[in-house]
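S.K.: would you be able to build a 3D model of this:
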Amino acid sequence: MATVLALAMTTGCSDGDGNDGGDKGTTSSSTVPAALAPFYDQKPSWKDCDDGFQCATVQVPLDYAEPSGEKVGISVIRLPAEDESDRIGSLLTNPGGPGGSGVDFVRQAARTFGADLRRRFDIVGFDPRGVAASDPVRCNTGPQLDEFFATDASPDDQKETQTLAAEGEDFAERCKTKAGSELPYVGTVNAARDMDVIRAALGDRKLTYYGASYGTYLGAFYAEQFPKNVRALVLDGAVDPSLSSTELLIEQAKGFETALRAFADDCVKAGSCPFGSTPDAVIGRISSFLTATDKKPLSNTRDSRKVTESLAVMGIARSLYVKEYWPVLRQALTQAMQNSDGTILLALADEMVERKPNGTYSNQTDANMAVNCVDKPNPPDLAAYKKYADQAEKAAPRFGPFVVWGGLPCVYWPVQTKEEPKPLTAKGAAPIVVIGTIRDPATPYKWAQNLASQLSSGVLLTFNGDGHTAYLQGDPCITKATDDYLITTDPPKDGTRCG
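M.R.: Alright, predicted model coming up:
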């Protein structure tokens, strides 16, 4: 299961509304290296792309060290501000991943942002380099990904471990063959630099940004590289940049265990829970079910695939992202346990990895792996990686092996970095709001605490709730605190709790 996880600016005088002169007007080309000036000075050609949205392409250099070389087209979408006369600027967004399409996110979610934000900001999304419509990294066919995800990711013996290793090695080799020239440049550092070009192309002197999940990591890297260009950043469902690749995976697996416990508590409290009368009994029943599925995969009525233990875990994990999915998970597990029918679990797993009914996939998985593998150093070989998987199984018995083994292709990745992870401080940046959800399955709450403390201007906003990220869950306290900050740049009091 794959993880589905500095140019100084001259500031103007404030206009009294926290807008820093309205944040209108692009960066002057005199403030950037001459070779990058054409990128910063470009004016996107916006075209109508249905339902009130406008779309354009922003050009960035593939390699910032050689800006005159090959270029990448970044796909951008916006929903224009409802009140042009009171418009502050653009609210750039990223939904996470890495590998998530920001264009699709804005199409689906722009109108769920707070009413005050929609009135005063263009809501803007973009596909980061290598993702979706921005020169996507593509390595695998649909059948190849079917096999990758179905492979037993909790190996019980050496043979199963070698099978898993072969899948990981094949994944990496296909990416080397099909996308080798892109792989060195798809990392977060370059994507953050692209965001500054996008900011200038949008006409904003400073960046206003909402990032969710991996989007918080991207936003933190932006602030680290361009602290003086920060107007207001909301980092929701934070990733801790100081952790190693394997530490992130182990902690994420523990987050899913926390969320599963919350699901079990809820099932028991709701009454007539079909899996047990106590939370411990529910979790024990789910564990026994997964063990049985490892030995005998489930059938399904969607297609000819067998629902292996790995696919079942993926389906469960998908349901834990959103509390509103918990009734679906209850139905899925009941169907699977009583009838050996994994149809709903498989549908949930397919949704998680963006598999379409025709058997094709978006490039989310390929892009996710490409970014993760190049962002941080990876264990040198299978033996070293197995030690971390064993640690994960002890720390998170149901999710640890699946989450950690899902990153195995990085061991064989053709592009490796020696840049060790470190805390990001963004010294000199305006206040940055970090939102953490107490029982977030994918980005554990302590990551938000850590990131807020690492950032020199970090402000922690806590949501006492379930599910992955907080802002778009509709909690009025979170909505008001976030919207007020993005509009005025005045953050909530550090340590504010909602829910």
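
S.K.: helix, strand or coil for L91?
M.R.: Recorded secondary structure, L91: strand (DSSP: H, G, I helix; E, B strand; the rest coil).

S.K.: brain fart, I74
M.R.: strand.

S.K.: show me the beta-bridge partners of it.
M.R.: Beta-bridge partners recorded for I74 (DSSP bridges): V58.

S.K.: make residue 1 into 895 and carry on from there
M.R.: Got it, first residue is 895 now, which makes that one I968.

S.K.: what number of residues lie near it?
M.R.: 27 (other CB atoms under 10 Å). No exception for glycine: its C-beta is placed from N, CA and C like everyone else's.

S.K.: state the pLDDT value of it.
M.R.: pLDDT recorded at I968 is 98.

S.K.: domain assignment for the protein?
M.R.: 921-1030+1077-1137+1317-1392, 1036-1075+1138-1306 (automatic domain parsing).

S.K.: once you drop chain neighbours, what's closest to D1275?
M.R.: Spatial nearest neighbour of D1275, excluding adjacent residues (CB to CB, 6 or more residues apart in numbering): V1305 at 6.5 Å.

S.K.: distance of L1205 relative to L1239?
M.R.: 7 Å (CB to CB, to the nearest Å).

S.K.: now swap in G1165 and tell me
M.R.: With CB to CB as the criterion, G1165 and L1239 are 23 Å apart.

S.K.: ok, R981 next?
M.R.: R981 is 46 Å from L1239, by CB to CB.

S.K.: now do the helices in the stretch 1045-1194 of the chain.
M.R.: With helices called from DSSP state H, counting those that start in this stretch, the stretch 1045-1194 of the chain shows them at 1052-1073, 1082-1096, 1108-1119, 1139-1164, 1173-1189.

S.K.: turn the ones you listed into CSV, columns for distance to L1366, mean neighbour count and mean pLDDT.
M.R.: Output for the helices of the stretch 1045-1194 of the chain, formatted as CSV (distance: least, CB to CB, whole Å; neighbours: other CB atoms under 10 Å; pLDDT from 0 to 100):
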stretch, distance to L1366, mean neighbour count, mean pLDDT
helix 1052-1073, 32, 17, 98
helix 1082-1096, 20, 23, 98
helix 1108-1119, 12, 27, 98
helix 1139-1164, 17, 21, 98
helix 1173-1189, 28, 16, 98
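
S.K.: any chance of the ones you listed in CSV, plus distance to I968?
M.R.: Formatted as CSV, the entries for the helices of the stretch 1045-1194 of the chain read as follows, by distance: least, CB to CB, whole Å:
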stretch, distance to I968
helix 1052-1073, 17
helix 1082-1096, 6
helix 1108-1119, 13
helix 1139-1164, 26
helix 1173-1189, 41
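
S.K.: and of these, who's closest to D1130?
M.R.: helix 1108-1119 (6.6 Å; CB to CB).

S.K.: who touches that closest one?
M.R.: 899-901, 987-992, 994, 1022, 1082-1083, 1085-1087, 1089-1090, 1101, 1103, 1105, 1123-1124, 1127, 1129-1133, 1135, 1318-1320, 1323, 1326, 1328, 1337, 1345, 1349 (CB atoms under 8 Å, 6 or more residues apart in numbering).

S.K.: for stretch 1232-1251, same thing?
M.R.: Residues contacting stretch 1232-1251 (CB under 8 Å, 6+ apart): 896, 898, 1036, 1039-1040, 1043, 1187, 1190-1196, 1199, 1201, 1205-1206, 1208-1213, 1219, 1222-1223, 1225-1227, 1229-1230, 1255-1256, 1258-1259.

S.K.: please check these and keep the buried ones.
M.R.: 896, 898, 1039-1040, 1043, 1187, 1191-1194, 1199, 1201, 1205-1206, 1208-1213, 1219, 1222-1223, 1226-1227, 1229-1230, 1255-1256, 1258-1259 (16 or more other CB atoms under 10 Å).

S.K.: out of those, list just those in helices.
M.R.: Among those, the residues falling in helices (DSSP state H) are 1039-1040, 1043, 1187, 1205-1206, 1208-1213, 1222-1223, 1226-1227, 1229-1230, 1258-1259.

S.K.: V1031 is in contact with E1076, correct?
M.R.: Yes: the pair E1076 / V1031 is scored as a contact, 5.7 Å apart, by CB atoms under 8 Å.

S.K.: identify the contacts common to these two.
M.R.: With CB under 8 Å, 6+ apart as the test, E1076 and V1031 both reach G1024, A1264.

S.K.: which one of G1165 and L1239 has more residues nearby?
M.R.: Counted by other CB under 10 Å, G1165 and L1239 do not tie: L1239 has more neighbours, with 28 against 7.

S.K.: pLDDT weak spots in this structure?
M.R.: 895-924 (pLDDT under 70).

S.K.: picking up where we left off before, wait, what's in contact with the residue nearest to D1275?
M.R.: G1062, A1066, N1272, P1273, P1274, D1275, L1276, Y1279.

S.K.: and the gap between N1233 and S1204?
M.R.: N1233 is 20 Å from S1204, by CB to CB.

S.K.: cool, G1036 as well?
M.R.: 17 Å.

S.K.: ok, G1170 next?
M.R.: 24 Å.

S.K.: tell me which of these two has more neighbours.
M.R.: Set G1170 next to S1204 and count neighbours by other CB under 10 Å: S1204 wins out with 26 against 16.

S.K.: my guess is the more buried one contacts D1046, does it?
M.R.: Yes: using CB under 8 Å, S1204 is in contact with D1046, at 6.1 Å.

S.K.: what's the helix or strand for T1363?
M.R.: Assessed by DSSP states H and E, T1363 sits outside every helix and strand.

S.K.: would you map the helices across the stretch 1195-1344 of the chain?
M.R.: 1203-1214, 1220-1233, 1237-1246, 1258-1269, 1276-1289, 1294-1299, 1339-1348.

S.K.: okay if I get those helices as TSV plus distance to K937?
M.R.: Converted to TSV, the helices of the stretch 1195-1344 of the chain look like this (distance: least, CB to CB, whole Å):
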stretch	distance to K937
helix 1203-1214	41
helix 1220-1233	46
helix 1237-1246	38
helix 1258-1269	28
helix 1276-1289	47
helix 1294-1299	43
helix 1339-1348	35
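
S.K.: let me know which of these is the nearest to I1017.
M.R.: Across these, closest to I1017 is helix 1258-1269 (CB to CB), at 21.5 Å.

S.K.: that closest one to helix 1052-1073, inter-axis angle?
M.R.: 90 degrees (axes from the mean of the first three to the mean of the last three CA atoms, to 10 degrees).

S.K.: F1015 pairs with what?
M.R.: Here F1015, judged by DSSP bridges, has bridge partners G983.

S.K.: what about it, distance to L1101?
M.R.: 12 Å.

S.K.: A1211 too?
M.R.: A1211 is 32 Å from L1101, by CB to CB.

S.K.: and for P1308?
M.R.: Counting by CB to CB - P1308 and L1101 are separated by 33 Å.

S.K.: repeat for G1352
M.R.: For G1352, the distance to L1101 - CB to CB - is 16 Å.

S.K.: what of V1083?
M.R.: 16 Å.

S.K.: do the same with A1277
M.R.: Counting by CB to CB - A1277 and L1101 are separated by 43 Å.

S.K.: so which of those two has more stuff around it?
M.R.: L1101 (27 against 9).

S.K.: I982 contacts I1381, correct?
M.R.: Yes: using CB under 8 Å as the test, I982 is close enough to I1381 to be in contact (6.8 Å).

S.K.: of the two, which one has the most company?
M.R.: For I982 versus I1381, neighbours defined as other CB under 10 Å are more numerous around I982 (28 against 21).

S.K.: and for the closest residue to the more buried one other than its chain neighbours, the neighbour number?
M.R.: Once flanking residues are discounted, I982 sits nearest to R1014: 4.8 Å by CB to CB, 6+ apart. Neighbour count of R1014, defined by other CB under 10 Å: 22.
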